[in-house]
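[1] Need coordinates for the following:
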Amino acid sequence: QVQLVESGGGLVQTGGSLRLSCAASGRTFSSYAMGWFRQAPGKEREFVATISASGSRTYYVDSVKGRFTISRDNTKNTVYLQMNSLKPEDTAAYSCAAGLTAPSTQFTDYDYWGQGTQVTVSS
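    Here you go, the predicted model:
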């Protein structure tokens, strides 16, 4: 079992930055690929970024490439999402997820989910 708790969301102006954190319980964190997904009101859940268990591979949705960076610290059981140059269309509830498969863009490949943290970007 892995429990995930996100933090770091909030209200920011267009062009601003936020860093989301996802703290995981358990001693097997380093075995899991981690992903960030987001869901805006009235829209489907969307893949944002994923990182392999070792941290050596990362993948992003095209809309955030060059602006967002996913990273992890396996000594702290934490994964991060650094978000720069934020846009109003980034407004959503952001959730982290853990899965034992290779880093995946598909939410069905993740076994554990956090509750989410709200990011709101004002124009």
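[2] give me the beta-bridge partners of residue 34?
    Per DSSP bridges, the residues bridged to residue 34 are residue 51, residue 98.
[3] Give me the pLDDT for it.
    Looking at residue 34, its pLDDT is 98.
[4] so it touches residue 95, yeah?
    No: using Cβ atoms under 8 Å, residue 34 makes no contact with residue 95, being 11.2 Å away. (C-beta placed from N, C-alpha, C; glycine too.)
[5] of those two, who's got more company?
    A direct count of neighbours by other Cβ atoms under 10 Å for residue 34 and residue 95 places residue 34 higher, at 29 against 23.
[6] Flag every buried residue along stretch 3-16.
    Buried residues in stretch 3-16, counted by 16 or more other Cβ atoms under 10 Å: 4, 6, 8-9, 12.
[7] In strands only, show me these.
    4, 6, 12 (DSSP state E).
[8] Tell me which residues touch the last one, please.
    When contacts are counted by Cβ atoms under 8 Å, 6 or more residues apart in numbering, residue 12 touches 18, 86, 119-122.
[9] Who does it form a beta bridge with?
    Assigned bridge partners for residue 12, using DSSP bridges, are residue 121.
[10] same question, the first one
    Each beta-bridge partner of residue 4 is listed here: residue 24, as defined by DSSP bridges.
[11] Where do the strands of the protein begin and end?
    Counting by DSSP E, the strands of the chain are 4-7, 10-13, 18-24, 33-39, 46-51, 58-60, 68-73, 78-83, 92-99, 112-113, 117-122.
[12] The third one - what's its average pLDDT?
    The one in question is strand 18-24. 98.
[13] and that strand, what does it pack onto?
    Applying 3 or more Cβ pairs under 8 Å, 6 or more residues apart in numbering; DSSP states H and E, we find strand 18-24 packed against strand 4-7, strand 33-39, strand 78-83, strand 92-99, strand 117-122.
[14] Identify the residue spatially nearest to residue 31, adjacent ones excluded.
    Nearest residue to residue 31, sequence neighbours excluded (Cβ to Cβ, 6 or more residues apart in numbering): residue 53, at 5.7 Å.
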